[in-house]
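**Q** Take a look and give me a structure for this.
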Amino acid sequence: MDLGDVKGFLIDLDGVLYTGDTAIPGALEALSFLTEEGYLFRCVSNSTRKCRATIAARLGQLGFDIPERAIFTPPLAAIRFMQETGKHRAYLLTTGDVDRDFEGTCTDDGSTAVDYVIVGDAGDKVTYASMNHAFRCLMGGADLIALEKDRYWMAPDGLSLSAGPFVTALESATGKTATIIGKPAKAFFELALHDMGLAAQEVVMIGDDIQTDIGGAQGAGIRGVLVRTGKFRKDVCEKSTILPAAIINSICDIGTLL
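**A** Down below sits the predicted model:
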């Protein structure tokens with residue numbers, strides 16, 4: 001495959017640049033190569049446990065020099081969505097410090113009288129009580145926003161459930177359909193394209209999830225390159241109807257396509 005006409009890249013983080021607390025071998029050099037060759041890139045992560053500042057700081061600890069402005073996360077898209085609707089009352093079912101991104105944007109007084117239930121990867125904060133509170137909010141008139149709907153992710157100790165199964169449970173219980181803000185939502189990819197000032201045909205997505213990364217990118221008219229690191233599974237890839245533009249061992253091989 002020849003990517004000679006590409007001007008920029010959308011790059012997934014977990015599973016592409018690093019797994020757990022370890023950078024993918026050659027990932028730092030790959031980003032340096034793209035920068036030296038004049039390619040633009042944005043990191044489009046479905047991480048919903050950390051605010052953007054924390055993500056940038058963690059990348060720095062792994063040796064990456066990626067500024068906050070080059071990182072796109074679902075909370076940022078959700079904030080813009082809320083601002084456009086003029087509503088700000090929300091119940092956040094999340095974990096970590098991702099709530100910092102919502103400071104000054106949404107309010108939650110603990111009642112069920114909210115405009116939105118916003119669900120991300122909540123980890124151990126997903127309990128009967130928290131899910132039931134979300135259920136009651138939704139039955140009381142709130143709309144459901146999914147920061148992401150991944151089925152699972154590669155945690156340091158192995159594959160782990162992500163937000164998707166719990167979003168689906170709330171949809172099933174309430175009869176409501178979640179508005180997906182993160183990947184693979186078309187609007188999320190379009191936001192990143194707009195920030196780079198590039199058209200879809202000028203950009204390539206690099207990811208380890210054939211559905212969320214590659215399928216989502218293709219839905220926005222962006223070509224997708226699948227890496228064999230992170231959550232990549234050969235059997236899942238072979239059964240999928242989604243066909244990546246190319247499959248490479250890791251991001252360090254991106255130069256072979258240019």
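
**Q** Helix or strand for the nearest residue to Arg42 once chain neighbours are set aside, just tell me which one.
**A** The shortest distance from Arg42 to any residue other than its chain neighbours is 4.8 Å, reached at Ala192 (C-beta to C-beta, 6 or more residues apart in numbering). (C-beta placed from N, C-alpha, C; glycine too.) Per DSSP states H and E: Ala192 is located in helix 186-196.

**Q** which one is Lys87 nearest to, not counting chain neighbours?
**A** Asp115 (3.8 Å).

**Q** pLDDT at Ile254, what is it?
**A** Listed pLDDT for Ile254 reads 92.

**Q** looking at it, it is touching Ile206, isn't it?
**A** Yes. Assessed by C-beta atoms under 8 Å, Ile254 is found in contact with Ile206 at 6.7 Å.

**Q** got the phi/psi numbers for the residue lying closest to Pro244 once chain neighbours are set aside?
**A** Spatially, and ignoring its direct neighbours in sequence, Pro244 is nearest to Leu226 (4.1 Å; C-beta to C-beta, 6+ apart). Backbone torsions of Leu226, given as degrees, to the nearest 10, read phi -90, psi 130.

**Q** hang on, the earlier thing: what number of residues lie near the residue nearest to Lys87?
**A** Neighbours of Asp115 under the rule other C-beta atoms under 10 Å: 20.

**Q** now His88
**A** 17.

**Q** who does the one helix or strand Arg80 maps to touch, helix- and strand-wise?
**A** Assigning secondary structure by DSSP H and E places Arg80 in helix 74-85. Counting contacts by 3 or more C-beta pairs under 8 Å, 6 or more residues apart in numbering; DSSP states H and E, helix 74-85 is packed against helix 186-196.

**Q** Could you tell me the angle between the helix it packs on and helix 74-85?
**A** 100 degrees (axes from the mean of the first three to the mean of the last three C-alpha atoms, to 10 degrees).

**Q** packing partners for helix 186-196?
**A** With contacts taken as 3+ C-beta pairs under 8 Å, 6+ apart, helix 186-196 sits against strand 8-11, strand 40-44, strand 71-72, helix 74-85, strand 203-207, helix 216-219.

**Q** Contacts for the fifth one next, please.
**A** I take that to be strand 203-207. 3, 6-12, 15-16, 44, 189, 193, 196, 213-214, 216-217, 222-227, 245, 251, 254 (C-beta atoms under 8 Å, 6 or more residues apart in numbering).

**Q** circling back to that earlier point, if I look at the residue nearest to Lys87, what pLDDT would I see?
**A** So, for Asp115, pLDDT stands at 94.

**Q** what number of residues lie near Ala57?
**A** Ala57: 12 neighbours (other C-beta under 10 Å).

**Q** Please apply the same query to the one 3 residues further on.
**A** Using other C-beta under 10 Å, the number of residues around Gly60 comes to 12.
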